[in-house]
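**Student:** have a look at this prediction, sequence included:
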Amino acid sequence: MRWFWIDRFDEFVRGTRAVAVKNVSLAEEHLHDHFPGAALMPNSLVVEGMAQAAGLLVAESIQFNRRVVLAKVAAAEFHFDAVPGDTIRFHAEVLDIKPAGSLTKVRTMVGDRVQGEAELFFAHLEPGAGVPQLFEPAELMRWLDHMHIYDVGRDEAGQPLVRPDL
Amino acid sequence: MPSRDEIFEKVKAALVDALGVDEEDVSPSATMVGDLGAESIDFLDIVFRLEKAFGIKISRGELFPEDVLSSSEFVTNGKVNSAGLAALKARMPFADLAKFEANPSVQNFANTLTVEDMVRYVSGKLAA
């Protein structure tokens, strides 16, 4: 089982910005005891969703050639808790990108209210000694298909993204 | 060209954001690694923030010479050799390396760079 904290992308513009969605449901076991009788989506897991939305945005822009690893969470702030029945929309934006790392900003919305915001910094690690492979290529493609990246994604010129044959 | 104090204030803001330290901790003599707890990944974050704050471009290794410190050409038995010291001086004219030269073990380099070095570095970039 993988650790999925976004359900799909609704918008995805290569290396620039994306909008991902997560539906919070009481069917998720982790909410049953967090807290008994008052289920709240933990904001630590909202951060994980932020990292998945922004991390995929960055990793796709560099053709998944490096391991994109969340290195730092800066300036994180949450204004209220998401609860079962809420839809969280992750608005991710790439602020800057270099070969060795990238700086992104993600804002989460529930309806028209800003639920949280954070700056996420990713390290881009060269595959090789000491850097484990994070995904089997086929597994990565399955995840990207679940995320609908190649259904909604556009490149810098506004053309549909081409699904790579990994 | 902004004044030295204006540059210091912007450098301080970048370090507070990147390192999560308090403003009062960011004194000119504070060392980046020893006092402010910067790790190697933080230097890239700091590069992003300085580039944005000052509208400058910073090449890889310019601010923190990790390539020199990990090179077998420039490091002998855990110490930066004379060729390495020359490379560091050429690369980092903004840094005061006198103290490091006295005991140039790679580990000591962590406590060499100060906030004032960052300010001098930015001043040099803006004046170029």
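**Tutor:** On my side now, so go ahead. These numbers come from a predicted model, not from an experiment.
**Student:** where does the residue nearest to A:Arg17 when sequence neighbours are not counted land in three-state SS?
**Tutor:** Once flanking residues are discounted, A:Arg17 sits nearest to A:Glu93: 4.8 Å by Cβ to Cβ, 6 or more residues apart in numbering or on different chains. Yep, even glycine has a C-beta here, placed from its N, CA and C like the rest. What DSSP: H, G, I helix; E, B strand; the rest coil gives for A:Glu93 is strand.
**Student:** what residues are up against A:Glu93?
**Tutor:** Going by Cβ atoms under 8 Å, 6 or more residues apart in numbering or on different chains, A:Glu93 touches A:16-17, A:54, A:104-106.
**Student:** can you show me the strands along chain A?
**Tutor:** Along chain A, counting by DSSP state E, strands occupy A:8-13, A:17-23, A:67-78, A:87-98, A:101-110, A:113-125, A:153-154.
**Student:** which residues make contact with the shortest one from outside it?
**Tutor:** Same thing as strand A:153-154. Strand A:153-154 is contacted from outside by A:9, A:12-14, A:60, A:160-161, using Cβ under 8 Å, 6+ apart.
**Student:** same question for stretch B:55-68.
**Tutor:** Outside of stretch B:55-68, the residues within contact range by Cβ under 8 Å, 6+ apart are A:98-100, B:40, B:43, B:46-47, B:50-51, B:74, B:80, B:84, B:87-88, B:91-92, B:113, B:118, B:121-122, B:125-126.
**Student:** which single one of the contacts of strand A:153-154 is nearest to A:Phe78?
**Tutor:** The shortest approach to A:Phe78 among these belongs to A:Phe9, at 22.3 Å (Cβ to Cβ).
**Student:** doesn't A:Val152 make contact with the closest one?
**Tutor:** Yes: using Cβ atoms under 8 Å, A:Phe9 is in contact with A:Val152, at 5.6 Å.
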